[in-house]
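Enquirer: Can you look at this prediction? I've put the sequence above it.
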Amino acid sequence: KEIIIATSNPNKAKEFRRIFDESEFELKTLLDLSDVPEIRETGSSFEENAKIKAHTVMKKFNLPTIADDSGLEVDALFGQPGIYSARYAGDHNDAANNAKLLAELGGVPAEKRNARFVTTLVFSNPKNEKDLVVEGEVKGQIATFPQGDNGFGYDPLFYLPELGKTMAELTLDQKNEISHRGRAIRKLEKEWLDWINW
Ligand code: ITT
């Protein structure tokens, strides 16, 4: 059974693949497909953007399609960068995004650096009229300097107090166990059995 993950982000793709490693599903991402239509993330929420990605890709390839729209919400920045997480500092550049985040939080003390990662997944299937939508989150704090080489995006700055580590110091499996994305994917797996018409 083929499922498309409507992402061009190789790191998201890796996290999805690990969870579906031993399943009956064959995952394809936008990195594996040609003639991928242009996708414009013009929505004003994670859900709207995930729907745009899922619908654009599902209509083109006529296969069950999951889209992930995700980001970082920082309390002291009133929820920013939020849906603009990928392009916070201009273009899609993790190092520049992290530098900007640290600058914006300059002087903010540890107890006011709370944040969450959030993922909204939209699963759209040609044979189902409605989408399946789930969300996953993980809470943490923004560190004052980056640590760790794993993961991507804001992971080196996302500190998990219970583990005493940043997300970038976790292995792929450890990240998937606690992350917004891992949680959302497992929720989706539970719900889709009652929903999907293959
Ligand atoms: P696709 O739209 O092709 O899936 P994208 O990277 O543009 O890829 P988003 O629009 O959902 O995806 O932006 C998500 C951004 O949020 C991502 O680029 C990171 O900056 C950040 N982000 C999301 N999940 C993250 C994670 O698990 N760890 C670190 N940063 C994350």
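Expert: Great, that's in hand.

Enquirer: middle-most residue in the chain, spatially?
Expert: Residue closest to the average C-alpha location in the chain (C-alpha atoms, centre = their mean): residue 70, at 3.9 Å.

Enquirer: Double-check that that one belongs to a strand.
Expert: Yes - counting by DSSP: H, G, I helix; E, B strand; the rest coil, residue 70 is located in a strand.

Enquirer: what about residue 187, helix or strand, and which?
Expert: Residue 187 is part of helix 180-192, with elements assigned from DSSP states H and E.

Enquirer: What helices and strands are in contact with that helix?
Expert: Applying 3 or more C-beta pairs under 8 Å, 6 or more residues apart in numbering; DSSP states H and E, we find helix 180-192 packed against helix 10-20, strand 65-74, strand 114-124, strand 132-142, helix 172-178. For the C-beta atoms, the positions are set from N, CA and C on the backbone; glycine is no exception.

Enquirer: do that again at 6 Å, thanks
Expert: In terms of contacts (3 or more C-beta pairs under 6 Å, 6 or more residues apart in numbering; DSSP states H and E), helix 180-192 is packed against strand 114-124, strand 132-142.

Enquirer: Which pLDDT value does the model give residue 197?
Expert: Looking at residue 197, its pLDDT stands at 82.
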